[in-house]
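A.B. asks: give me coordinates for this.
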Amino acid sequence: MYIYHVNNSAIRMPPGTGGGVMHGTTSEAILCTLIAARNRALETKGVENISKLVVYGSDQAHSTYTKACKIAGILPHNIKSIATTVDTYFSLSPLTLYKVIQADVAAGLVPLYLCLTVGTTSTTAVDAVKQLADVAADYGIWIHVDAAYGGSACICPEFRHYLDGIEQVDSLSLAPHKWLLTYLDCCCLWVKSPRSLVKALSTNPEYLKNKPSELCSVVDYKDWQIGTGRKFKSLRLWLVLRSYGVANLQSHIRSDVRMAKVFESLVKSDARFEIVVPTRFSLVCFRLNVLFRSNSRGIELLNRRLLEWVNSTGRVYITHTIVGGVYLLRFAVGASFTEERHVVAAWELIREGADALLKVVSEH
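C.D. replies: Numbers count the residues shown, from 1 in each chain. Prediction:
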């Protein structure tokens, strides 16, 4: 519980009766909260209506969200993946969500669960928690915020606005193994109503009965998770917090964001490249956009070759994604020993690769 006191203080979680538990990954956190939401809904709607339960998330939500929904018994056609666009920088539109929910209610379906994301995997898009929570509140929907990546940045005051409205949600998960110098696997889950979680997941076999549990003088975390046994994940996070302190962790986050901004400015300085979405945290989404400006397939092939060329050197590793039909490259800053000179050197290598590829293309 000490870990959660420190984390809640760092990101300014709302005071109240909520509680927290350490999970391995966000996948587990989503599954457990989804089961709690499902059971809460079925208590009033009846088990016979389980096929009417509907869940919502953007098309940028992590792929494990869909997997968790299937495991929890949500019918595939009731897992609503709502399209996002570059106009909203791939964040979920409150108006679009409202229209989808309204249509489902009119069709006799039961809105159950909304998964919002603070820092999507592809582009670090941020869903507007407050506005979306306002929409969901009218339907009694369980609201979960997946802040696996972006949540770590919220220990810095300048990023906390991304969690505006967090007091309205039912659960929040963040993964220190993403950006808080803690190795895999380590996920923190906070729930507003621990009772809902325990009621859905508790087991009480005879061989586990004991007086402290019967007297409610201890917290049985087996009832807050899928499995019975637990690793000592809190120890590694405790060591990180004690070793670095909040101030140094904030410095780590700010340094990564600053270096990402340096890389972004370098990309902008070369007219052959473009930034696809604004850089919020420490991920820069960019692409080479020259020669084939009216040919999206040509641009994609050029960037695929650039990605292969850069990674084949063994000096830098970048990744790609496709959002809104656009193939783009991703440069992430996050290692504890990364310095600005490394970022500049990475950019010079990318430019070298672009020069080499464009020379070959122009010769043909």
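
A.B. asks: for stretch 41-55, what is the distance to the chain centroid?
C.D. replies: 27 Å (CA atoms, centre = their mean, to the nearest Å).

A.B. asks: what comes up buried for it?
C.D. replies: By neighbour count on 16 or more other CB atoms under 10 Å, the buried set for stretch 41-55 is 41-42, 50, 52-55. C-betas here are computed from N, CA, C, even on glycine.

A.B. asks: wait, a strand at Gly20?
C.D. replies: Yes - under DSSP: H, G, I helix; E, B strand; the rest coil, Gly20 sits within a strand.

A.B. asks: hang on, the earlier thing: keep only those of the buried residues of stretch 41-55 that are in helices.
C.D. replies: 41-42 (DSSP state H).

A.B. asks: so which of the buried residues of stretch 41-55 are in strands?
C.D. replies: Here DSSP state E is the test, and the buried residues of stretch 41-55 give 53-55 as lying in strands.

A.B. asks: among these, find me the one that's closest to Val100.
C.D. replies: Lowest distance from Val100 to those (CB to CB) belongs to Val54, with 8.9 Å.

A.B. asks: the closest one reaches Gly108, doesn't it?
C.D. replies: No - with contacts counted by CB atoms under 8 Å, Val54 stays clear of Gly108, the gap being 10.5 Å.

A.B. asks: thinking again about what came up before, with pLDDT and distance to Tyr113 added, can I get the ones in strands among the buried residues of stretch 41-55 in a markdown table?
C.D. replies: Shown next, in a markdown table, are these (pLDDT from 0 to 100; distance: CB to CB, whole Å):
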| residue | pLDDT | distance to Tyr113 |
| --- | --- | --- |
| Leu53 | 97 | 8 |
| Val54 | 98 | 8 |
| Val55 | 98 | 4 |
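
A.B. asks: a markdown table for those residues, including distance to Gln102?
C.D. replies: Converted to a markdown table, these look like this (distance: CB to CB, whole Å):
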| residue | distance to Gln102 |
| --- | --- |
| Leu53 | 17 |
| Val54 | 12 |
| Val55 | 16 |
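
A.B. asks: low-confidence ranges in this structure?
C.D. replies: Along the chain, segments meeting pLDDT under 70 span 1-17, 291-294, 364.

A.B. asks: all helices of it, in order?
C.D. replies: 2-11, 26-45, 63-71, 94-106, 129-137, 150-153, 176-179, 194-201, 211-214, 233-268, 296-312, 340-363.

A.B. asks: what's the most buried one of the ones you listed?
C.D. replies: Highest mean neighbour count among the helices of the chain (mean count of other CB atoms under 10 Å): helix 150-153, with a mean of 28.

A.B. asks: before we move on, back to that, dump the helices of the chain to a markdown table, plus distance to Ile318.
C.D. replies: Shown next, in a markdown table, are the helices of the chain (distance: least, CB to CB, whole Å):
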| stretch | distance to Ile318 |
| --- | --- |
| helix 2-11 | 29 |
| helix 26-45 | 23 |
| helix 63-71 | 20 |
| helix 94-106 | 31 |
| helix 129-137 | 30 |
| helix 150-153 | 20 |
| helix 176-179 | 18 |
| helix 194-201 | 39 |
| helix 211-214 | 50 |
| helix 233-268 | 11 |
| helix 296-312 | 6 |
| helix 340-363 | 8 |
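
A.B. asks: ok, which of these comes nearest Cys115?
C.D. replies: helix 63-71 (5.2 Å).

A.B. asks: what packs against that closest one?
C.D. replies: helix 26-45, strand 53-58, strand 79-82 (3 or more CB pairs under 8 Å, 6 or more residues apart in numbering; DSSP states H and E).

A.B. asks: repeat that for 6 Å
C.D. replies: Secondary-structure packing of helix 63-71 (3 or more CB pairs under 6 Å, 6 or more residues apart in numbering; DSSP states H and E): helix 26-45.

A.B. asks: outside of the helix it packs on itself, list whatever touches it.
C.D. replies: 23, 64-65, 68, 71-72, 110, 112-113, 142, 144, 146, 148, 171, 173, 175, 187, 189, 196-197, 200 (CB atoms under 6 Å, 6 or more residues apart in numbering).
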